[in-house]
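Colleague: Take a look and give me a structure for this.
(one chain, ligands or ions: 1)
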Amino acid sequence: MTDLATAPANSPSDTDITDWDRDHNLHPWATTDSWRTDDYMRINTAKGIYVWDSTGKKFIDGPGGMWCVQIGYGRQDMADAIAKQVMEMPYASPWSSTSEPAAILARKIAEMTPGDLDTVFFTTGGSTAVDTALRTVQFYNNRLGRPEKKLIMAREKGYHGSTYLASSVTGKERFNTKYDNASDLVRFLPDVNPYGRPEGTTLDQWCDQKVADMEALIEREGADNIGAFIAEPILCSGGVIVPPPGYHKRTLDLCRKHDILYISDEVVTGFGRLGHWFASEEVFDIVPDMITCAKGLTSGYLPLGACIMSNALMKRMEDPTGEEVFYNGYTYTGHPVSCAAALKNIEIMEDEDILGHVQRVTPHFQDRLKAIGEKFDIVGDVRGMGLLGCIECRPDLPQDTFDAHLKFGAKLDMACEEMGLMLRPFGNMAVFSPPLIISKEEIDDMFDIMEAGLEKLSAEYN
Ligand code: PLP
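Modeller: Numbers count the residues shown, from 1 in each chain. Below you'll find the predicted structure:
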């Protein structure tokens, strides 16, 4: 630990920053054995799809920040829009007032969403957007006089955030945590990943099985006890898992049949990742009751999330007496500066046709990904959609093939970092979701480095 009394107060050296970060700044997902020893890479500057660390080394930002930097880094127009709002009016209490950016952004989002999803509740990020959706399920069913209809169906390997409710519906790593969850509120459906399905099972049969899993759960628990299903269109943190074709539509139909709300968690897939503002309708042909979003909404320039609700849902929650209060909100709900950043982000995406660009470069991105799957023996599966990708190690390799501690994802990330590409390791997988502005040539640079990294790992293995 650095000595607080003697530490210099200003002009810190590089070593000071490293020491202070290690000693005082607790990072998400820090492992308890190393949280006093890990030295995190310090990113000093960023531009376009590139970031530079404190030694001046340049990297392609494979994860796009944290699946969020759609328009790329270092945009002067974003800085100007943010600065202008800060000087005009940096904060307005959402309880007693509104602001121009919040009202304009809410209307803009209502125009972009499918169907009658026209009401926007602004939050501070993705977890609070999910929390808001889940609390709305409770409010809704209590309002309708059916307090027992509260169970949430969620999925193994799903990720929905880190607040109490959002982490309770998170299927990923739920057995591996020392936190308590609201487990009495949640029921998990088995893994939907087509990779690893029993040999000889077609994708259609796999889809039938996954729909049957949901039918069985509804039968077991009783539709009168189930309030909602929450699902990412693609399970991103779970390893970019794309459910089998037809799955989204058929599970929505089941929910409709049993008066179960459908929450589509588009925190990653929203705002262009698959070449559309939202993936629910345009890609998967569903119009859910609620959509949650965050991340790409501001391209990560400022924190902001939203829970978007359908008119039908709002209508059913109305109380003619006006006595019911929707007790949900944050000091920073509809924060004017975050909303101004989101508006500028959307304007940039429209002016520069970033959705069209994603649609144009996606086939090349996915072709290069597929080629990796065919070329490397150590790779078990590659999968993705839009500008999302995942490389998974062959499961039958001995546990300690790469390093009992580091695992394949971390080893591949390390090999690629040496050559100037950052990836996001998840156990035996590495995932990537670069800024949406990435050019075809930059996609080639990215995949060339990944191939070189995989060659290095293959040589170690053989
Ligand atoms: N939902 C999904 C699908 C996510 O991927 C994430 C974060 O990665 C969240 C919710 C939580 O968002 P946040 O970290 O902004 O709270």
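Colleague: Quick check: residues of the protein near the ligand?
Modeller: Counting by C-beta under 6 Å from any ligand atom, the residues of the chain close to the ligand are 125-127, 130, 159-161, 232, 236-237, 265, 267-268, 294. C-betas here are computed from N, CA, C, even on glycine.
Colleague: residue in this structure nearest to the ligand?
Modeller: Of all residues in the chain, Gly126 sits closest to the ligand, at 2.2 Å by C-beta to the nearest ligand atom.
Colleague: Give me the phi and psi for that residue.
Modeller: Gly126 adopts backbone torsions of phi -70, psi -40, taken as degrees, to the nearest 10.
Colleague: quick one: contacts for the residue nearest the centre of the chain?
Modeller: With distances taken as C-alpha atoms, centre = their mean, the residue of the chain nearest its centroid is Val268 (3.5 Å). Counting by C-beta atoms under 8 Å, 6 or more residues apart in numbering, Val268 makes contact with Trp67, Glu232, Ile234, Cys236, Ser237, Lys295, Gly296, Leu388, Ser433.
Colleague: Pipe these into a markdown table and attach neighbour count, secondary structure and pLDDT per row.
Modeller: Shown next, in a markdown table, are these (neighbours: other C-beta atoms under 10 Å; DSSP: H, G, I helix; E, B strand; the rest coil; pLDDT from 0 to 100):
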| residue | neighbour count | secondary structure | pLDDT |
| --- | --- | --- | --- |
| Trp67 | 25 | helix | 97 |
| Glu232 | 25 | coil | 98 |
| Ile234 | 25 | coil | 98 |
| Cys236 | 23 | coil | 98 |
| Ser237 | 21 | coil | 96 |
| Lys295 | 27 | helix | 98 |
| Gly296 | 29 | helix | 98 |
| Leu388 | 25 | strand | 98 |
| Ser433 | 28 | coil | 98 |
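Colleague: Go through the residues you listed and say which is closest to Asp396.
Modeller: Ser237 (24.3 Å; C-beta to C-beta).
Colleague: distance of the closest one from His160?
Modeller: 9 Å (C-beta to C-beta, to the nearest Å).
Colleague: Toward the C-terminus, what is the element adjacent to the worst-scoring helix or strand of the chain on mean pLDDT?
Modeller: Of all helical and strand segments in the chain, the minimum by mean pLDDT, DSSP states H and E falls on helix 14-24, at a mean of 88. Proceeding N to C from helix 14-24, the next assigned helix or strand is strand 43-47, under DSSP states H and E.
Colleague: Go through that next one and flag the buried ones.
Modeller: In terms of neighbour count (16 or more other C-beta atoms under 10 Å), strand 43-47 has its buried residues at Ala46.
Colleague: So in that sheet, which strands flank it, and in what orientation?
Modeller: Applying DSSP bridges to the sheet, strand 43-47 is found paired with strand 50-53 (antiparallel).
Colleague: how about the strand it pairs with: buried residues?
Modeller: In strand 50-53, the ones that count as buried by 16+ other C-beta under 10 Å are Tyr50, Val51.
Colleague: I'd like the distance from that strand to the chain centre, please.
Modeller: Computed by C-alpha atoms, centre = their mean, to the nearest Å, the chain-centroid distance of strand 50-53 equals 22 Å.
Colleague: what residues does the helix or strand just after that strand touch?
Modeller: Using DSSP H and E, the helix or strand that follows strand 50-53 in sequence is strand 58-61. When contacts are defined by C-beta under 8 Å, 6+ apart, strand 58-61 is touched by residues 46, 49-53, 69, 73, 417, 420-422, 434-435, 442, 445-446, 449.
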